[in-house]
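S.K.: Predicted model, plus sequence, below.
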Amino acid sequence: MDYQEVCQVYRDLEKTSKGLEKTTILAKFLAKIKTEPELIYLIQGRVFPDYDEREFGISEQLAIKAISKSTGFNESRVVSEFKKLGDLGLSAEKIMQDKRQSTLFSKKITTDKVLANLRKLPELEGKGTVEHKLNLIIELLNSASPEEAKYLVRTLLADMKVGVGSGILRDAIVELVYQPKDITEKKEKALQIQEAYDKATDFAEVFEKAILNKLGEISLNPGKPVKVMLYPKAENIEDAFKIVGRPAAFEFKYDGFRMMLNKQENKDITIFTRRLDNVTNQFPDAVKYASENISGKTFIIDCEAVGFDPKTKKYRPFQDISQRIKRKYEIEKLEKELPIELKIFDIIYYNGKSLINEPFKKRRELIEKIVKSISYKIQLAEQLITGDEKQAEEFYDRALDEGQEGLMAKSLQAPYKPGARIGYAVKIKPEGEDFDLVITGAEYGTGKRAGWLTSFDVACNSDGELLDIGKVSTGLKEKPEEGLSFLELTKLLKKIIIKEDGRHVFVKPEIVLTVQYQNIQKSPSYSSGYALRFPRVRALRPDRGIQDIATLKEVEKEARKEL
Ligand code: ATP
């Protein structure tokens, strides 16, 4: 297919902000790519499935260079256009238009060529990488029309701006494949597609199987990341029993981070986070504990990695070990200083068979059989099965006394639903609220804090739209050795600045913080309509992405409670 046809779809999508219209535009496009389902990735602004975390590694600087080289205009011209338009894609388009007036020629580029060149980018390593990357991009830009250049640059920078989230893609597949006659059928089919996607994490595969009426063939596959099941909140033990049934399995809720341990036949363990990032290299200790102490040819096991103090053996809060997640160097040193213990709590695949439809009770019995517990290395999550409120309360007190976050209450009969936040289990935590929120902007400090970003605009999510909910500037440290520091966060944010306006900067919404607050107020100052009072940063969450942050609905629910 000509890349131009895909660009036409981007253009149409950009013209409307209405979800239904976007769905129809996409459904029409899907009809054309039945034999090339991979082109769905381009619509998502990607070239690989969602479970594949490879990145192009193209900075704005490099994109500026590529635009400059392919058009013959110097870099300062590109930069000045970028400053004016605030979007490098638009800048490329504008500059190309100026150039084309004099040269007026354009070859066609095919989607195959775009996919091929872009897919080579993440593979390049070592000497000459930058040059090689530039050449691959320039080759595309040289044959691109101005509009194609706009979307190519946006794809490279992972900033498509066409507003297609997974909900719209799912609905477009439903519209094309099933043409539902009423809302009930539409919902039912959307659920089927969503369930298939949560297992596959790949829209091309789901689309292909849906056309062939073979969604049932989509299965779990160790080594390929799968979305984890998430849990809503219960007010207290009584509420928990109402949601999950009686008796229920209560477990300690550990304050660590989620890991999926994947064992493929005759291969080492691979570890994914709930964002589907591969963190195997960062956690050789976890790989070792799992491979030495879990028996089985193949499995996918769900667990929490909790940090503890190597001397006192006391458990530590997540923030203390969070730096291990992204660390690429001095892994061994970190392993010793910030050791972790795996708390195993679920299994969804074992020796060639998916277990997601088995009741939790059976899944737990299996992990009890196959995991050999060794203190401070690998253990099952502490569990109590009871129908008695008093016993559950005592267990809750014990969890809090031992420094855990609270309890999970799990239905004994429920299956496992990847990707769903569903009441098959619930979490119970003491009050003292917090939300995970994404940073959308920040402001430089003054005086002795000049040079650091010291105040952060944070937002929640409302169906894919980010809505501001406050500014947070406390909770960070001036001295890096004391914890999460202004300097550390400034460094991370500087890499993703989109626009500067005096002391204020706008950033790509990528960095997630856990923000504690005292209460929530209605407020016209922020686009969410709410403001957090006395917000305080509790932790940086490198294991979470924009899809994990608090939703407007959750904010509204908490705000109502305070009335
Ligand atoms: P929170 O911010 O409260 O950790 P969350 O939104 O990150 O919540 P939820 O799924 O809502 O995630 O809450 C449960 C989380 O608690 C899990 O994602 C997991 O990381 C952690 N956890 C700790 N212990 C357990 C356990 N025994 N069973 C299940 N999850 C556990």
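M.R.: Thanks, I have it. Quick caveat: nothing in here was measured; it's all calculated off a predicted structure.
S.K.: where do the strands sit along the stretch 351-500 of the chain?
M.R.: Taking DSSP state E, counting those that start in this stretch as the criterion, the stretch 351-500 of the chain carries its strands at 353-354, 378-380, 383-386, 406-410, 425-428, 434-444, 453-462, 465-472, 497-501.
S.K.: would you turn the ones you listed into CSV with distance to residue 75, mean neighbour count and mean pLDDT?
M.R.: In this view, the C-beta of every residue, glycine as well, is placed from N, C-alpha and C. Below are the strands of the stretch 351-500 of the chain laid out as CSV (distance: least, Cβ to Cβ, whole Å; neighbours: other Cβ atoms under 10 Å; pLDDT from 0 to 100):
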stretch, distance to residue 75, mean neighbour count, mean pLDDT
strand 353-354, 53, 13, 92
strand 378-380, 53, 20, 98
strand 383-386, 60, 16, 98
strand 406-410, 54, 25, 96
strand 425-428, 51, 22, 96
strand 434-444, 26, 22, 96
strand 453-462, 26, 23, 96
strand 465-472, 31, 20, 94
strand 497-501, 18, 13, 89
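S.K.: and those strands as CSV, adding distance to residue 98?
M.R.: Below are the strands of the stretch 351-500 of the chain laid out as CSV (distance: least, Cβ to Cβ, whole Å):
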stretch, distance to residue 98
strand 353-354, 56
strand 378-380, 62
strand 383-386, 67
strand 406-410, 60
strand 425-428, 56
strand 434-444, 32
strand 453-462, 35
strand 465-472, 34
strand 497-501, 23
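S.K.: now the ones you listed in TSV, with distance to the ligand?
M.R.: Listed next are these as TSV, based on distance: least, Cβ to the nearest ligand atom, whole Å:
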stretch	distance to the ligand
strand 353-354	19
strand 378-380	9
strand 383-386	8
strand 406-410	4
strand 425-428	5
strand 434-444	6
strand 453-462	13
strand 465-472	16
strand 497-501	27
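S.K.: and of these, who's closest to residue 132?
M.R.: The closest of these to residue 132 is strand 497-501. By Cβ to Cβ, the value is 26.6 Å.
S.K.: What's the local residue count around residue 324?
M.R.: The burial count assigned to residue 324 is 23, neighbours taken as other Cβ atoms under 10 Å.
S.K.: Test my guess that it contacts residue 338.
M.R.: Yes. Between residue 324 and residue 338 there is a contact at 5.7 Å, judged by Cβ atoms under 8 Å.
S.K.: which other helices and strands contact the helix or strand bottoming out on mean pLDDT in the chain?
M.R.: Every helix and strand of the chain was ranked by mean pLDDT, DSSP states H and E. The lowest is helix 88-103, at a mean of 82. Packing contacts for helix 88-103, counted by 3 or more Cβ pairs under 8 Å, 6 or more residues apart in numbering; DSSP states H and E, involve helix 60-71, helix 75-85, helix 146-156.
S.K.: Those: which one's closest to the ligand?
M.R.: Minimum separation from the ligand across the helices and strands packed on helix 88-103 (Cβ to the nearest ligand atom) falls at helix 146-156, 30.3 Å.
S.K.: so after the closest one, what's the next helix or strand?
M.R.: The first helix or strand that comes after helix 146-156 along the chain, using DSSP states H and E, is helix 166-178.
S.K.: can you give me the mean pLDDT across that next one?
M.R.: Regarding helix 166-178, the rounded mean pLDDT is 95.
S.K.: Fine by me, we can end here.
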